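Participant: coords please:
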Amino acid sequence: MPKIVDHDERRRELAAAVGRVIARAGVAEVSIRSVAAESGWSSGALRHYFATRGELLAFACEQVIDQVTERITTMRVPEGVREGIRAVLLETMPVDERRRAEAEIAFSFLALGLGDPALAQVQRHHFARMYELCLSLAAYVTPGDGDAETIARRLHAVVDGLTVHVLAGHLTPDEMTARLDDYLGELTASPTSR
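Facilitator: Predicted coordinates for the structure are as follows:
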């Protein structure tokens with residue numbers, strides 16, 4: 001009887017291997033060859049699923065978006081507006097090795113998308129999903145007639161900016177978290193104290 005291969009599962013295994021390569025050596029080291037070695041596959045077998053490095057990275061980015069979304073939708077959110085927003089946002093930020101690898105995959109598309117329209121589309125999708133998350137969180141701190149869109153754009157900029165600073169080595173994860181806490185303190189302060 002022929003072996004039944006779960007192609008979706010194999011693709012997820014390869015995306016996980018991309019994450020491990022990034023965690024160990026950075027995005028620049030992701031290649032068909034390095035991911036094949038990490039996954040224990042041959043380069044030829046890997047090319048059956050992904051013909052190019054770009055396709056491999058695009059799939060890994062989509063997997064990151066799905067993983068983070070799954071964690072957020074199934075997590076137990078702490079009581080309190082500030083604490084809840086903080087917990088959700090920290091699921092998207094590089095506070096540990098796993099989330100750092102996820103952020104590196106996602107933010108690698110900033111540069112990669114400049115020269116490749118297909119990868120630029122993945123980057124736009126990532127940004128759109130993050131903005132939607134920030135917009136849903138902004139609703140908790142916006143009065144009924146407030147400007148949730150403006151708050152969401154600022155929140156998105158703060159989260160992305162802090163993430164980039166950690167990825168670039170300008171902040172530690174603890175410093176990033178402290179700056180996020182500062183901003184959320186301002187954001188959730190009573191309207192009269194803003």
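
Participant: So, low pLDDT: which residues of the chain?
Facilitator: Applying pLDDT under 70 to the chain flags the ranges 1-3, 5, 143-145, 190-194.

Participant: Quick one: the helices in it, in order.
Facilitator: Here the chain has its helices, by DSSP state H, at 7-25, 32-39, 43-47, 53-74, 81-90, 97-115, 117-138, 148-167, 173-187.

Participant: residues in contact with stretch 38-55?
Facilitator: With C-beta atoms under 8 Å, 6 or more residues apart in numbering as the test, stretch 38-55 has contacts from 7, 10-11, 13-14, 17-18, 20-21, 30-33, 35-36, 56, 59, 112, 116, 118-119. In short, each C-beta sits where N, CA and C put it, glycine included.

Participant: What's the ChimeraX line that selects buried ones from those residues?
Facilitator: With 16 or more other C-beta atoms under 10 Å as the criterion, this ChimeraX line picks the buried residues out of the contacts of stretch 38-55:
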select :10,11,14,17,18,21,30,32,35,36,56,59,112,116,119
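
Participant: Pretty sure residue 130 sits against residue 159.
Facilitator: Yes - judged on C-beta atoms under 8 Å, residue 130 makes contact with residue 159 at a distance of 7.3 Å.

Participant: what is in contact with those two at once?
Facilitator: Counting by C-beta under 8 Å, 6+ apart, the shared contacts of residue 130 and residue 159 are residue 92.

Participant: Name the residues that touch stretch 146-165?
Facilitator: 89, 92-94, 103, 107, 127, 130-131, 134-135, 137-139, 141-142, 171, 176, 179-180, 183, 187.

Participant: how close does residue 41 get to residue 136?
Facilitator: Relative to residue 136, residue 41 is positioned 39 Å away (C-beta to C-beta, to the nearest Å).

Participant: higher neighbour count, the two?
Facilitator: Taking other C-beta atoms under 10 Å, residue 41 and residue 136 do not tie; residue 41 has more neighbours (19 against 14).

Participant: got the contact list for the spatially most central residue of the chain?
Facilitator: Closest residue to the average C-alpha location of the chain: residue 103 at 4.5 Å, with C-alpha atoms, centre = their mean. Under the criterion of C-beta under 8 Å, 6+ apart, the neighbours of residue 103 are 92, 93, 94, 163, 166, 167.

Participant: So how do I select the buried members of the contacts of stretch 146-165 in PyMOL?
Facilitator: Buried residues among the contacts of stretch 146-165 (16+ other C-beta under 10 Å), as a PyMOL selection:
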select buried, resi 89+92+93+94+103+107+130+131+134+135+137+138+141+142+171+176+180+183+187
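
Participant: if we can go back for a sec, using TSV, please lay out the contacts of residue 103 together with distance to residue 82.
Facilitator: Formatted as TSV, those follow (distance: C-beta to C-beta, whole Å):
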residue	distance to residue 82
92	16
93	16
94	21
163	19
166	21
167	25
